[in-house]
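>>> pasting the sequence and the predicted model now:
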Amino acid sequence: MKYLVLLVGDGDMPAWSALSPEEQGAAMQRFADFEAACRARDGVEILAGEALGEPASTTVMTTRAGTVTLTEGPYAEAVEGLGGFYLMEVPDLDVLVELLTVLPPYDIQLSPVVDPY
Amino acid sequence: MTQRVLDEVWRSGWGRLLGQLLHRFGRPDLVEDALAEAFAEAAARWPATGVPDNPAGWVRTVAHRRVVDALRREDTARTKAHLLVEDDGGTPAAADGGLPGADVDERLPLLFMATHPALAVEVRPALALRFVLGVPTADIARLFLVPQATMAARLTRAKARLTASGVPFAVPDLAAWPDRLDDVARAVYLAFTAGYAPSGGDDVVRVREAGEAVRLAELATELVPRRPVLEALAALLRLQHARRDARTSPDGRPVRLADQDRRRWRRDEIDAGLRRLTALTPTHGLAEELRLQALVAAFHATAESHATTDWAAIARTYARLEGLTGSPVVRLNRAVAVGEVSGPMAGLAVLQGAADRLPGHHRVALVRAELLRRDGQLALAAAAYDDAIAACPDGAERRHIAERRASLDGGASVGSADGQG
């Protein structure tokens, strides 16, 4: 199954800017460990994954009656803290959850990708 | 004859059949319906054709066919006719049985799937009863005191979520077992207690449905032997359920533990529960909570009478349980036990700690009334009964409290409070 994994909130992690350089290094190491764990696991592949810019850099595009409007900021508070994402292929939800525990303890949304065919 | 065979196949075979279908096809949203349809078809055809030589195999074959039909319909519905895909992932090969690499009973992954943490806590008990034992939706609805259509919709949503969210039909990784077994135990426990919770309804105890939860608890200990949390659960439910015949009067009203006819308790079941319980040693977490609760049930189950019950031991056990859980309901029960050991005033002192955290709860008022009554403070007891009646939802329990209130005026039987029924 394919999932979009959204790192939606800091959760138990302090804000990035509040971390010391050593702590930032440790968190980065966990991302590296996660990617290594994914590579080592049969049937698991990170198809895409990026860190995202600050909420202040986000633009929301809405179209109403054919008129496009751009507004500043994330769409909803729920994605205020969206810091990054992965698009992943995994066998099932349990494997995905197990691998994601390697990451820093962010709040994470796991959305299955719908296969149209 | 036909019905008897069918019931037997259902009762002993449902979980395995469903497990085999899930193993073959995945898709909890389809296979469970297909299996139910196969049983319905058997019920319709066997009376005319006679029971087939291999009844379970017949049901499995028909269910297989139904799943394949459903998958074909899906393919057709979402694929343009000229693109009709010939990739038929669902052709029924000979049932391959078993799970890859292990001789695992299919009901084990089924139990883990139905109680998966990605499901809402409230739906897990219902789904476990349905998946593993095949308990009819109507019975599950009655157990949880909701209309059948509501329960059917809940189960359908849960099955759709299992499919869409990617919950596997698999035995979890060993590292996840402690948490996942706790989830299993919690779900089965909730299924059982639903049967004994008056919840404002008129059925005091839904014995048959609660019995299915006991069956599920014991099946879990067979599927996963020697796990303290499951052993403690099975001991607790067996001990509690052994009192079922004495818990309601012939006209369906609740009978207090103190007034129950102990000859109607099932001795053989109590012995079975005790054997399980005495094999356990103190532990921690949910397993210890369930073990301590079972211990309380055992002190009751082995007492000759209400008066000769070892209330001191029960009070001590509740104190440990309260230390573990911090639950005000446990404290309420401890107040009852302390009242028996050290007198009503001591019980009232303990009760205050529960009352602060359960404001306006009818059981707190009821226990207070019973303790005040034993202390001879009848006017205060009457007022506490009134509080309890005002706070209790309409139903058998409220009528029971009203009767206790009325018997105060007659000066009739002077009973004692108890938190257990």
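In hand now; what should we look at?

>>> where does the stretch 301-421 of chain B dip in pLDDT?
Along the stretch 301-421 of chain B, the parts satisfying pLDDT under 70 run over B:410-421.

>>> equivalent analysis for chain A, please.
Low-confidence regions of chain A, defined by pLDDT under 70, span residues A:76-80, A:115-117.

>>> interface residues of it facing chain B?
Selection of chain A residues close to chain B by C-beta under 8 Å from any C-beta of the partner chain yields A:1, A:3, A:90-96, A:98, A:110, A:112, A:116-117. Quick note: C-beta positions are derived from backbone N, CA and C, even for glycine.

>>> among these, name the buried ones.
The neighbour count (16 or more other C-beta atoms under 10 Å in any protein chain shown) marks A:1, A:3, A:90, A:92, A:93, A:94, A:95, A:96, A:98, A:110 as buried among those.

>>> out of these, which are inside strands?
Cross-referencing those against strands under DSSP state E gives A:3, A:110.

>>> can I get the buried ones among the residues of chain A next to chain B in TSV including distance to residue B:238?
Formatted as TSV, those follow (distance: C-beta to C-beta, whole Å):
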residue	distance to residue B:238
A:1	40
A:3	42
A:90	40
A:92	35
A:93	34
A:94	32
A:95	37
A:96	38
A:98	35
A:110	39
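
>>> state the pair within the buried ones among the residues of chain A next to chain B that is farthest apart.
Across those, the longest distance by C-beta to C-beta is 14.3 Å; it joins A:1 and A:98.

>>> can you tell me the closest non-neighbouring residue to the residue of chain A found nearest chain B?
Nearest to chain B, among the residues of chain A, is residue A:92, at 3.6 Å (C-beta to the nearest C-beta). Leaving aside its chain neighbours, residue A:92 sits nearest to residue B:168 (3.6 Å; criterion: C-beta to C-beta, 6 or more residues apart in numbering or on different chains).

>>> what sits against the one you found?
Shown in contact with residue B:168 (C-beta atoms under 8 Å, 6 or more residues apart in numbering or on different chains): A:91, A:92, A:93, A:94, A:95, B:109, B:113.

>>> what sits against the closest residue to chain A within the stretch 1-150 of chain B?
Going by C-beta to the nearest C-beta, chain A is nearest to residue B:118 of the stretch 1-150 of chain B, at 6.1 Å. Counting by C-beta under 8 Å, 6+ apart, residue B:118 makes contact with A:93, B:161, B:162, B:165, B:167.

>>> from those residues, which is closest to residue B:63?
Looking across those and measuring by C-beta to C-beta, the closest to residue B:63 is residue B:162, at 17.9 Å.

>>> tell me if I am right that the closest one is in a helix.
Yes: judged by DSSP: H, G, I helix; E, B strand; the rest coil, residue B:162 forms part of a helix.

>>> select the longest helix from chain A.
Assignment by DSSP state H gives helix A:21-40 as the longest helix of chain A.

>>> and that one, what other elements does it pack with?
On a contact count with 3 or more C-beta pairs under 8 Å, 6 or more residues apart in numbering or on different chains; DSSP states H and E, helix A:21-40 meets strand A:45-51, helix A:93-100.

>>> my guess is the residue of chain A closest to chain B meets residue B:172, correct?
No: the pair residue A:92 / residue B:172 is not scored as a contact, 10.6 Å apart, by C-beta atoms under 8 Å.

>>> and residue 36, what is it in contact with?
Picking chain A for this. By C-beta under 8 Å, 6+ apart, the contact list for residue A:36 is empty.

>>> one more: residue A:111?
Residue A:111 makes contacts with A:3, A:4, A:5, A:6, as judged by C-beta under 8 Å, 6+ apart.

>>> how's chain B carved up into domains?
Following automatic domain parsing, chain B resolves into domains at B:2-83, B:104-303, B:310-421.

>>> in CSV, list those domains along with distance to residue A:24.
Putting these into CSV (distance: least, C-beta to C-beta, whole Å) gives the following:
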stretch, distance to residue A:24
domain B:2-83, 41
domain B:104-303, 28
domain B:310-421, 38
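
>>> in what helix or strand does whichever residue of chain B sits closest to chain A lie?
Of all residues in chain B, residue B:168 sits closest to chain A, at 3.6 Å by C-beta to the nearest C-beta. Using DSSP states H and E, residue B:168 maps to neither a helix nor a strand.

>>> returning to that earlier point: so which of the helices and strands packed on helix A:21-40 is nearest residue B:126?
Within those, the stretch nearest residue B:126 is helix A:93-100; the backing value is 20.5 Å (C-beta to C-beta).

>>> the closest one packs against which elements?
Judged by 3+ C-beta pairs under 8 Å, 6+ apart, the packing partners of helix A:93-100 are strand A:2-9, helix A:21-40, strand A:107-112.

>>> if you set the cut-off to 6 Å instead, what comes out?
Taking 3 or more C-beta pairs under 6 Å, 6 or more residues apart in numbering or on different chains; DSSP states H and E as contact, there are no helices or strands that helix A:93-100 lies on.

>>> just the CA atoms of it, as CSV, please.
Extracted C-alpha coordinates of helix A:93-100, given in CSV (Å, rounded to 0.1, in the frame of the first residue of the first chain):
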residue,chain,number,x,y,z
LEU,A,93,-0.1,-0.1,8.4
ASP,A,94,1.7,-2.0,11.1
VAL,A,95,5.0,-2.0,9.2
LEU,A,96,4.6,1.7,8.6
VAL,A,97,3.9,2.5,12.2
GLU,A,98,6.9,0.4,13.3
LEU,A,99,9.2,2.2,11.0
LEU,A,100,7.9,5.6,11.9
